[in-house]
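Structure for the following, please:
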Amino acid sequence: MTDLARSPQVAAPAQDTGRAVVGVDLAWGERQPTGIAVLDGGGRLVHVAAVRTDDEIDSALAAYVAGPCLVAIDAPLIVRNATGNRRAEAALNRDFARFDAGAHPSNTAKPEFREGTRGQRLAARLGLDVNPRSGRPRRAIEVYPHPATVALFRLGRTLKYKNKPGRTLASLRTELLALMNLLEGLAEADVPLHVAGPAWAALRGRVEDAGRKVELRAVEDQVDAVVCAYVGLLAARAPERVTVYGDEEPGGWQDGYIVTPTLPEGHTPTPRERRAAGPARSAVDAYAAAYPELVEAGRQAIGLVEAVLDEAGVNYLTVTGRTKSVASFAEKASRTRGGRLLYEDPLRQITDQLGVRVVTYVLSDVDLVAELLADQAVVMDDRDMGQETADEGRFGYASRHLLLQVAPTEPGYELLRGRVVQVQIRTVLQHAWAEFEHAIRYKGTIPAEHASDLDRRFTLAAGLLELADREFTTIRDRLGETPTQPVPEAADGPDDPRLDPRELAAFLAGQYADAGWSRADHYAWISGLLLELGVTSFAELAEVLRPTRAWNLNERMGYRYPPGAVRRLDDALLAVFGQRYVELHGNAHRTGLLRQRLERLRAS
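Residues are numbered from 1 along each chain as shown. Next comes the predicted model:
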């Protein structure tokens with residue numbers, strides 16, 4: 001990868017999140033559509049459209065470029081050479097032409113550049129500085145989507161969504177949808193892009209429903225504009241990750257430049273004759289095509305884990321998850337060792353496509369969560385990272401990692417059948433250490449002279465947190481003998497027919513004095529179930545529960561942990577009302593689990 005005519009970065013402050021970032025896929029004339037896209041400082045798509053004239057562009061962008069802004073334009077801004085390529089184009093082509101992402105020559109012999117460029121006139125009209133090194137709050141830069149997609153997503157060659165002879169409507173649609181999937185995957189990137197919303201959904205619908213190639217054209221320009229905007233976002237927030245192609249000799253950027261994400265070191269193009277056969281490329285294509293379904297499967301994985309823990313009455317802090325982005329999958333699929341691909345079958349061997357993280361309050365609940373999840377899935381791998389670190393005589397990263405193959409039978413989790421889900425389980429203190437350590441060591445820059453001192457401090461912090469985790473477990477165990485109930489939210493108002501969740505918490509504290517903790521929001525939830533049963537007073541509830549005192553429900557359920565007050569009430573209502581309780585509307589998401597519990601109650 002050549003270093004000629006390249007500057008190391010765009011000179012803008014890192015983590016510049018306060019300005020609007022605009023992408024413009026600028027047509028060279030006003031007869032063809034120009035795509036525009038606007039991101040807010042957090043990378044959220046707030047506007048996308050297709051326009052034609054300079055007046056329309058000005059009008060569409062006026063509200064977004066009145067203050068601090070960065071406008072990334074896919075069109076030459078500065079053209080001074082009389083013939084051939086600009087130096088920036090020649091330098092970029094040495095890196096990207098082999099990926100089919102080279103730039104066409106721009107020179108003043110061409111009529112469209114004879115009296116300046118449309119891009120430069122647009123920048124002047126909007127009052128934008130075109131110096132890529134400028135620190136001014138309102139500026140424009142020249143970008144180019146094709147090399148950007150190669151670098152961002154590690155493509156072996158560019159996606160062929162531009163209409164050229166020999167390309168069918170079906171192939172153009174497939175490639176454009178692949179690009180849209182890749183952009184959606186950037187929601188999980190270090191510098192995130194969030195395109196989800198009605199406007200993006202409408203664009204996707206137009207691509208899926210297109211009956212003619214021309215119907216894809218305006219959408220294609222708008223998608224390119226989103227790519228431009230994301231390059232601008234990277235230039236503002238992570239300037240070390242972009243390259244400015246331009247001449248460093250006298251004149252510099254003033255002879256023209258192009259900003260693009262830096263080509264990953266060692267990344268090579270897919271051979272043309274093997275383009276469709278390369279395992280990494282074909283796997284990335286398949287992953288991108290399946291990505292929307294995987295995102296939904298990821299949501300189902302979170303829901304399943306929450307359902308299992310809620311059903312067990314575990315008092316956890318959070319359950320979160322993510323679906324591996326297409327860009328991250330592509331990077332992992334392309335890894336090599338000794339000149340050979342690390343993953344021969346990436347779709348099967350990359351097992352962290354769906355990830356769920358459970359954060360508990362205390363250390364003992366980590367093992368409990370692992371046991372509960374193992375009851376619901378096949379455990380393909382189980383690693384206690386904290387124990388591995390301890391076995392080496394060190395303090396450091398601690399987390400329980402399960403690899404589960406899920407085969408749920410409950411409705412609402414159909415997309416999980418046969419899939420593998422990676423579940424990380426850690427305490428809130430372990431989570432804090434891991435997140436901070438990752439942010440500093442892997443996303444920050446540690447000067448060499450501070451490395452050993454910071455290693456020592458991270459180790460010291462890990463040891464102290466391990467001690468704190470043990471003390472928290474002791475505190476929780478002590479409080480388990482005389483529990484303090486959480487304070488749920490009050491009822492919605494005097495017209496709410498449910499039992500007030502706060503009063504219900506106090507009632508259950510007296511009813512089940514030996515009960516463990518329950519999540520505060522569960523009191524409101526079970527109050528709704530009581531309303532479905534027609535129980536609207538505490539006198540009625542006391543009468544319902546009277547016979548259950550002699551039924552030894554805890555023993556019959558065979559709990560391995562102290563169930564919370566809400567779970568105790570849940571069991572009691574199940575025992576009293578049986579199948580009627582199972583079929584309540586509020587239990588629709590867990591009918592299978594309730595039937596299993598009911599069978600256990602009846603069998604004991």
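
where does the residue lying closest to W525 once chain neighbours are set aside land in three-state SS?
Here the nearest residue to W525 in space, its sequence neighbours aside, is G586; by C-beta to C-beta, 6 or more residues apart in numbering that works out to 7.3 Å. Every residue, glycine included, has its C-beta placed from N, CA and C. The three-state label given to G586 by DSSP: H, G, I helix; E, B strand; the rest coil is helix.

now swap in the one 3 residues further on and tell me
When the structure is split into helix, strand and coil by three-state DSSP, H589 lands in helix.

Count the neighbours of the residue nearest to W525 for me.
15 (other C-beta atoms under 10 Å).

for the spatially most central residue of the chain, what are its contacts?
Centroid-nearest residue in the chain: E188, 2.9 Å away (criterion: C-alpha atoms, centre = their mean). Contacts here follow C-beta atoms under 8 Å, 6 or more residues apart in numbering; on that basis E188 touches R322, T323, K324, S325, S328.

Hmm, G528 and the residue nearest to W525 touching each other?
Yes. Taking C-beta atoms under 8 Å as the definition, G586 is a contact partner of G528 at 5.4 Å.

Common neighbours of the two, please.
Common contacts of G586 and G528 (C-beta under 8 Å, 6+ apart): none found.

in what helix or strand does the closest residue to Q511 other than its chain neighbours lie?
Closest residue to Q511 apart from its sequence neighbours, by C-beta to C-beta, 6+ apart: L545 at 6.7 Å. Here L545 sits within helix 538-545, counting by DSSP states H and E.

CA atoms of that helix as PDB?
What follows is helix 538-545, C-alpha atoms only, in PDB (Å, rounded to 0.1, in the frame of the first residue of the first chain):
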ATOM      1  CA  PHE A 538     -55.900  -7.500  49.400                       C
ATOM      2  CA  ALA A 539     -58.700  -9.200  51.400                       C
ATOM      3  CA  GLU A 540     -59.500 -11.200  48.200                       C
ATOM      4  CA  LEU A 541     -55.800 -12.000  47.700                       C
ATOM      5  CA  ALA A 542     -55.400 -13.200  51.300                       C
ATOM      6  CA  GLU A 543     -58.400 -15.500  50.800                       C
ATOM      7  CA  VAL A 544     -57.000 -16.900  47.600                       C
ATOM      8  CA  LEU A 545     -53.600 -17.700  49.300                       C
END
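
Quickly find the element holding A101.
For A101, there is no enclosing helix or strand under DSSP H and E.

With R556 instead?
Using DSSP H and E, R556 sits in helix 553-557.

Name the residues that touch that helix?
P563, R568, D571, A572, A575, R597, R600, L601, S604.

Show the subsequent helix or strand relative to that helix.
Elements were assigned by DSSP H and E; along the chain past helix 553-557, the next helix or strand is helix 565-577.

Just list what that next one packs against, helices and strands only.
helix 501-511, helix 520-532, helix 538-545, helix 553-557, helix 579-582, helix 591-603 (3 or more C-beta pairs under 8 Å, 6 or more residues apart in numbering; DSSP states H and E).

In JSON lines: the ones you listed, plus mean pLDDT and mean neighbour count.
Shown next, in JSON lines, are those (pLDDT from 0 to 100; neighbours: other C-beta atoms under 10 Å):
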{"stretch": "helix 501-511", "mean pLDDT": "88", "mean neighbour count": "18"}
{"stretch": "helix 520-532", "mean pLDDT": "89", "mean neighbour count": "19"}
{"stretch": "helix 538-545", "mean pLDDT": "94", "mean neighbour count": "15"}
{"stretch": "helix 553-557", "mean pLDDT": "81", "mean neighbour count": "15"}
{"stretch": "helix 579-582", "mean pLDDT": "94", "mean neighbour count": "15"}
{"stretch": "helix 591-603", "mean pLDDT": "82", "mean neighbour count": "14"}
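
now for those, which one comes closest to K332?
Nearest of the helices and strands packed on helix 565-577 to K332, taken as C-beta to C-beta: helix 591-603 at 35.0 Å.

so how far is the helix holding R556 from its chain's centroid?
41 Å (C-alpha atoms, centre = their mean, to the nearest Å).

Output it as CSV, nothing but the C-alphas.
Below are the C-alpha coordinates for helix 553-557, written out as CSV (Å, rounded to 0.1, in the frame of the first residue of the first chain):
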residue,chain,number,x,y,z
LEU,A,553,-44.9,-25.2,47.4
ASN,A,554,-41.2,-24.4,47.8
GLU,A,555,-40.4,-28.1,48.5
ARG,A,556,-42.6,-29.3,45.7
MET,A,557,-40.9,-27.0,43.3
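
okay if I get the contacts of E188 as JSON lines plus pLDDT and neighbour count?
What follows is these, written out as JSON lines (pLDDT from 0 to 100; neighbours: other C-beta under 10 Å):
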{"residue": "R322", "pLDDT": "89", "neighbour count": "18"}
{"residue": "T323", "pLDDT": "91", "neighbour count": "24"}
{"residue": "K324", "pLDDT": "88", "neighbour count": "21"}
{"residue": "S325", "pLDDT": "84", "neighbour count": "23"}
{"residue": "S328", "pLDDT": "81", "neighbour count": "21"}
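
of those, closest to G41?
Using C-beta to C-beta, those come closest to G41 at S325, 20.6 Å.

Could I get the contacting residues of the closest one?
S325 touches G185, L186, A187, E188, A189, counting by C-beta under 8 Å, 6+ apart.

Check L347 too.
Taking C-beta under 8 Å, 6+ apart, one finds A283, A286, Y287 in contact with L347.

Identify the residue spatially nearest to the last one, adjacent ones excluded.
Computed as C-beta to C-beta, 6+ apart, the closest residue to Y287 that is not its neighbour in sequence is F329, at 5.0 Å.

Over to K324?
Spatially, and ignoring its direct neighbours in sequence, K324 is nearest to Q353 (4.8 Å; C-beta to C-beta, 6+ apart).

Check that neighbour and give its pLDDT.
Q353 carries a pLDDT value of 93.

what about it, how many residues close to it?
Q353, neighbours per other C-beta under 10 Å, totals 23.

how close does it sit to A290?
Going from Q353 to A290 by C-beta to C-beta, to the nearest Å gives 9 Å.

Please apply the same query to D95.
30 Å.

hang on, the earlier thing: A62: which of the contacts of E188 is nearest?
Taking those together and measuring to A62 by C-beta to C-beta, the closest member is S325, at 33.4 Å.

what comes up buried for stretch 418-438?
Buried residues in stretch 418-438, counted by 16 or more other C-beta atoms under 10 Å: 419-431, 433-434, 437.

make that stretch 121-135, sorry
L122, A123, L126, L128, V130, N131, P132, R133, S134.

these two touch, right, the third one and A60?
Okay, so that is L126. No. With contact defined as C-beta under 8 Å, L126 and A60 do not form a contacting pair (11.3 Å).

ok so, going back, and the helix holding L545, what does it pack against?
So helix 538-545, by 3+ C-beta pairs under 8 Å, 6+ apart, packs with helix 501-511, helix 565-577.

so where do the helices sit in the stretch 101-250 of the chain?
118-126, 145-153, 169-185, 198-209, 214-237 (DSSP state H, counting those that start in this stretch).

didn't A189 look like it was pressed against K324?
No. Counting by C-beta under 8 Å, A189 does not reach K324; the two are 11.1 Å apart.
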